[in-house]
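Undergrad: Below: sequence and its predicted model.
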Amino acid sequence: VFVECYKNSTHSLVAADGHQLGGFRIGELADVSRSFIIDASDAKKALAMAKAEIKTISKSLSDRVKLVVYAGNNLALKIHIQLVDKDNELLKVLAQFESKAIDGTFPDYRRTIPKMPETVERINHCFQGKYLTNFARIAKLLGDNAERVAIRDTGNFCPAFIGLPVREDFTGVLMPMRIN
């Protein structure tokens with residue numbers, strides 16, 4: 001999982017596996033001040049612990065979920081997922097976990113996000129069902145019990161743009177299957 005920290009306390013979390021990409025930006029975009037790669041299993045465990053807490057947050061409060069990254073010595077990180085009030089004061093820590101930053105370079109994920117064409121002809125794509133199910137699970141985790149996923153086509157044999165109606169700050173990309 002790639003964690004990007006911006007100078008204005010905004011953070012992005014991005015995960016990808018070559019077939020699918022998902023990312024959240026929490027806050028407004030600004031210049032990157034620091035970035036880390038963390039073990040996905042650490043993040044997955046924390047999100048599993050926070051699942052019940054996140055479900056209790058109404059859609060009107062979803063913009064008050066904040067990601068806080070504390071960088072320590074020896075690449076040790078403490079990451080908190082918090083609920084804050086309108087004055088940005090802490091109400092509750094929804095999840096917290098520790099991870100050690102992994103030495104390496106995360107690929108430039110921005111290059112994989114498709115550009116939306118002005119017009120799109122009707123094209124039939126095939127996608128792996130398990131990947132669409134993954135995005136539906138994310139939607140459910142974020143409070144959409146209907147597990148709605150919006151798929152926007154970007155052209156012939158191009159990746160599809162995936163959105164979640166429950167969270168506008170989510171960006172997803174799904175690679176089509178090649179069928180002969």
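TA: The structure has been received and is ready for your questions. Just so it is clear, the model here is predicted, and its values are computed rather than measured.
Undergrad: The residue nearest in space to the middle of the chain and residue 87, how far apart?
TA: Nearest to the geometric centre of the chain sits residue 23, at 2.5 Å (CA atoms, centre = their mean). Counting by CB to CB, to the nearest Å, the gap from residue 23 to residue 87 is 27 Å. For glycine as for every other residue, the C-beta is placed from the backbone atoms N, C-alpha and C.
Undergrad: picking that back up, let me know the secondary structure of the nearest residue to the residue nearest to the centre of the chain once chain neighbours are set aside.
TA: Leaving aside its chain neighbours, residue 23 sits nearest to residue 14 (3.8 Å; criterion: CB to CB, 6 or more residues apart in numbering). Three-state call for residue 14 (DSSP: H, G, I helix; E, B strand; the rest coil): strand.
Undergrad: Bridge partners for residue 14, pull those for me.
TA: residue 2, residue 23 (DSSP bridges).
Undergrad: so who does it touch?
TA: If you count contacts by CB atoms under 8 Å, 6 or more residues apart in numbering, residue 14 has them with 1-2, 4, 21-23, 106, 109.
Undergrad: so which of those residues comes closest to residue 135?
TA: Taking CB to CB as the measure, residue 135 lies nearest residue 22 of these, at 7.2 Å.
Undergrad: can you count the residues close to that closest one?
TA: 20 (other CB atoms under 10 Å).
Undergrad: In terms of secondary structure, what does the longest strand along the chain contact?
TA: Assignment by DSSP state E gives strand 90-100 as the longest strand of the chain. Applying 3 or more CB pairs under 8 Å, 6 or more residues apart in numbering; DSSP states H and E, one finds that strand 90-100 contacts helix 40-56, strand 76-84.
Undergrad: Give the rounded mean pLDDT of the first one.
TA: Looking back up the chat, that one is helix 40-56. In this model, helix 40-56 carries a mean pLDDT of 69.
Undergrad: What is the least confident helix or strand in the chain?
TA: helix 40-56 (a mean of 69; mean pLDDT, DSSP states H and E).
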